[in-house]
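Novice: coordinates only, sequence not included:
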């Protein structure tokens, strides 16, 4: 079968589910990339990875209200449907799932999924209810798009842990694939929220990535987590970032680092009204530090 | 294909999932009856209904720890695996799913589903966490047994509302079929917990069903919900039942009855250490009462 040049836009979950199951029934492997739209090169890399692994790709575009807090940016979150669709045309994207809010949250909706464990600290602490909103919508999307595999970006590292835990705990029949963060040439992680940044803040935003590089060097030099966290925080503050957290933790549990296990450096901060997050892996080492 | 006389007992969720999907791929309709074992004529009626509707039937037997409160009867809940299996032999039950606790709740398990709305009052109020445990395990079981339809008994009326709401809200791809309560000749609703009753309490337990008949007569006579609830409570107390609730409510929302909508009478009470519940429908009527 030839690659579809124009994806089919579907809003009905049942219609899409039937189409995906029919494709799989014909032996085609289906990949799924859930997004909130405002697509950028990071999303495109997920789609390309899915296309490389699979015969057909489904991309969902849904700005999910339940993962935004009451004072967060749900209403002003960028919505760029025309350019999103243009970006998804000409490749192996066969379906674009663009549900209405009522398709995902029917009248009287009152069912939530909550994950503890990896959802507890960092983003989970600063954004109460965020990961419950994420887990709930991802499960709902997985039911509408019963793909073989779903592709998530490592930029939202804690989110990938939450989704993987939910998938394992509920036995959701899908493989979760985590793909590397895509960066601007100066190191800033691609994010739909980068569009909010005023020009001066855009320049200072490289401090996020730089602080992770600082962490990696200090980690390689054998420094303790707490010392590395101070270095990261210091670098961010020196560039005018209001730090929300700067953490060096076990990559899977987000608890204290363990000797011999992969760790992760994670940062969150604000520049003006824009909230940014980033993270990077730290390879296993024997002296865990504290 | 001939009916299987002996069901295949499977403990691995993935193995069962593959078997069910293979059967459905051959065009067979699959029905699923989730149980906690200690099977009685009520369960058998669910299996018979599933067998009448479907080509193959899966029955799960799993005493789910997360739906029991800390002071409830999880450890002493009756477990009768041999007689359960005997009851499921010779019919159309093709698979018995008997998972180990670790198959359902893997180490580090931390994902829960909570339903608000119909889960709020009655059992939900008296048994905090109960319906979250039910919703979570039912979702997990549905992933292991991707059947066309699942069969639940109306005796656990509120549970059927919670499961139906979860299925709708998360878009779980299964039909929920609610089957009538099966009763002993004297009216007592079949329940695995009836085995707990001391002989004298067993006689008094008919008060549960009688109180529902009292309610139905008063409902037909046009009495208000609150008056009917007092009548039910009075009857139960006169027979020595410690009443936990006696409610006449809207059958779907469990809120106040609405003119023209089906209502439901529900009771819960204790006889000795045994907790019993029961319910019955009340047909729509114009004078709702209050």
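Specialist: Received it, and whenever you're ready, just let me know what you need. All values derive from a computational prediction rather than experimental measurement.

Novice: Just confirm residue A:129 contacts residue A:69, I think it does.
Specialist: Yes - contact criterion C-beta atoms under 8 Å: residue A:129 and residue A:69 qualify, at 6.6 Å. C-beta: built from backbone N, CA, C; applies to glycine.

Novice: Show me which of these two is the more surrounded one.
Specialist: residue A:129 (16 against 13; other C-beta atoms under 10 Å in any protein chain shown).

Novice: who's in contact with that one?
Specialist: A:66, A:67, A:69 (C-beta atoms under 8 Å, 6 or more residues apart in numbering or on different chains).

Novice: With respect to residue B:8, which of those residues is nearest?
Specialist: The shortest approach to residue B:8 among the contacts of residue A:129 belongs to residue A:66, at 40.7 Å (C-beta to C-beta).

Novice: how far away is residue A:178 from residue A:149?
Specialist: 11 Å (C-beta to C-beta, to the nearest Å).

Novice: For the strand or helix carrying residue A:82, name the packing helices and strands.
Specialist: Assessed by DSSP states H and E, residue A:82 sits inside helix A:81-87. Applying 3 or more C-beta pairs under 8 Å, 6 or more residues apart in numbering or on different chains; DSSP states H and E, one finds that helix A:81-87 contacts no other helix or strand.

Novice: quick one: that helix to chain centroid distance?
Specialist: 20 Å (C-alpha atoms, centre = their mean, to the nearest Å).

Novice: List the buried residues in that helix.
Specialist: For helix A:81-87, a neighbour-count test (16 or more other C-beta atoms under 10 Å in any protein chain shown) marks A:84, A:85, A:87 as buried.

Novice: Identify the residues contacting the first one.
Specialist: By that I understand residue A:84. Per C-beta under 8 Å, 6+ apart, neighbours of residue A:84: A:37, A:38, A:39, A:61.

Novice: wait, isn't the second one in contact with residue A:194?
Specialist: No - the pair formed by residue A:38 and residue A:194 falls short of the contact definition of C-beta under 8 Å, at 9.8 Å.

Novice: From residue A:28, how far off is residue A:22?
Specialist: On the measure of C-beta to C-beta, residue A:22 and residue A:28 end up 9 Å apart.

Novice: of those two, who's got more company?
Specialist: residue A:28 (15 against 10).

Novice: Not counting its neighbours along the chain, what's nearest the more buried one?
Specialist: residue A:55 (3.9 Å; C-beta to C-beta, 6 or more residues apart in numbering or on different chains).

Novice: burial measure for that neighbour, as a count.
Specialist: Residue A:55, neighbours per other C-beta under 10 Å, totals 18.

Novice: and residue A:90, what pLDDT?
Specialist: On the pLDDT scale, residue A:90 is placed at 89.

Novice: so how many other residues sit close to it?
Specialist: Count around residue A:90 with other C-beta under 10 Å applied: 12.

Novice: quick one: secondary structure of it?
Specialist: coil (DSSP: H, G, I helix; E, B strand; the rest coil).

Novice: for it, what are its contacts?
Specialist: Contacts of residue A:90 by C-beta under 8 Å, 6+ apart are residue A:5.

Novice: what's the distance between it and residue A:147?
Specialist: 21 Å.

Novice: still on that earlier bit, quick one: contacts for the residue nearest to residue A:28?
Specialist: Counted by C-beta under 8 Å, 6+ apart, residue A:55 has contacts A:1, A:23, A:28, A:29, A:30, A:92.

Novice: among the residues you listed, who's most crowded?
Specialist: That'd be residue A:30 among those, by other C-beta under 10 Å, with 25 neighbours.

Novice: Check the contact between that one and residue A:59; I expect there is one.
Specialist: No - the pair residue A:30 and residue A:59 does not pass the contact test of C-beta under 8 Å, sitting 11.6 Å apart.

Novice: hmm, stretch A:139-157 in reach of chain B?
Specialist: Yes - residues of stretch A:139-157 contacting chain B under C-beta under 8 Å from any C-beta of the partner chain: A:139, A:140, A:143, A:144, A:146.

Novice: Nearest to chain B among the contacts of residue A:129?
Specialist: Proximity of the contacts of residue A:129 to chain B was ranked by C-beta to the nearest C-beta; the top entry is residue A:66 with 11.4 Å.

Novice: Leaving aside the residues adjacent along the chain, what's closest to that closest one?
Specialist: Residue A:66's closest residue in space is residue A:133 (C-beta to C-beta, 6+ apart), at 3.5 Å.

Novice: Then residue A:59?
Specialist: Looking at residue A:59 with C-beta to C-beta, 6+ apart, the closest residue is residue A:33, at 4.7 Å.

Novice: Adjacent strands (with direction) for the helix or strand encompassing the one you found?
Specialist: Assigned by DSSP H and E, residue A:33 belongs to strand A:30-35. Strand A:30-35 sits in its sheet next to strand A:56-61 (parallel), strand A:149-153 (parallel), going by DSSP bridges.

Novice: out of those strands, deepest packed?
Specialist: Sort the strands paired with strand A:30-35 by mean neighbour count, taking mean count of other C-beta atoms under 10 Å in any protein chain shown, and strand A:56-61 sits at the top with a mean of 27.

Novice: Give the rounded mean pLDDT of it.
Specialist: 98.

Novice: Can you give the distance of it from its chain's centre?
Specialist: Distance of strand A:56-61 from the chain centroid (C-alpha atoms, centre = their mean) equals 15 Å.

Novice: Quick one: residues contacting residue A:252.
Specialist: A:118, A:161, A:261, A:262.

Novice: let's see 10 Å
Specialist: A:117, A:118, A:161, A:164, A:165, A:258, A:261, A:262, A:263, A:264, B:108 (C-beta atoms under 10 Å, 6 or more residues apart in numbering or on different chains).

Novice: What about the second one, how many residues nearby?
Specialist: If I follow you right, that is residue A:118. By other C-beta under 10 Å, neighbour count at residue A:118 equals 26.

Novice: Is it in a helix, a strand, or coil?
Specialist: Per three-state DSSP, residue A:118 ends up helix.

Novice: contacting residues for it?
Specialist: Residue A:118 makes contact with A:124, A:131, A:157-166, A:250, A:252-255, B:108, B:110 under the criterion C-beta under 10 Å, 6+ apart.

Novice: Excluding residues flanking it in the chain, which one is nearest it?
Specialist: residue A:161 (3.8 Å).

Novice: For the one you found, the count of nearby residues, please.
Specialist: Count around residue A:161 with other C-beta under 10 Å applied: 22.

Novice: Show me what counts as buried in stretch A:171-181.
Specialist: Neighbour count says stretch A:171-181 has A:171, A:172, A:173, A:174, A:176, A:177, A:178, A:179, A:181 buried, by 16+ other C-beta under 10 Å.

Novice: Report pLDDT for residue A:197.
Specialist: Note for residue A:197: predicted pLDDT of 96.

Novice: likewise residue A:286?
Specialist: The model's pLDDT for residue A:286 equals 82.

Novice: That one: what secondary structure?
Specialist: coil.
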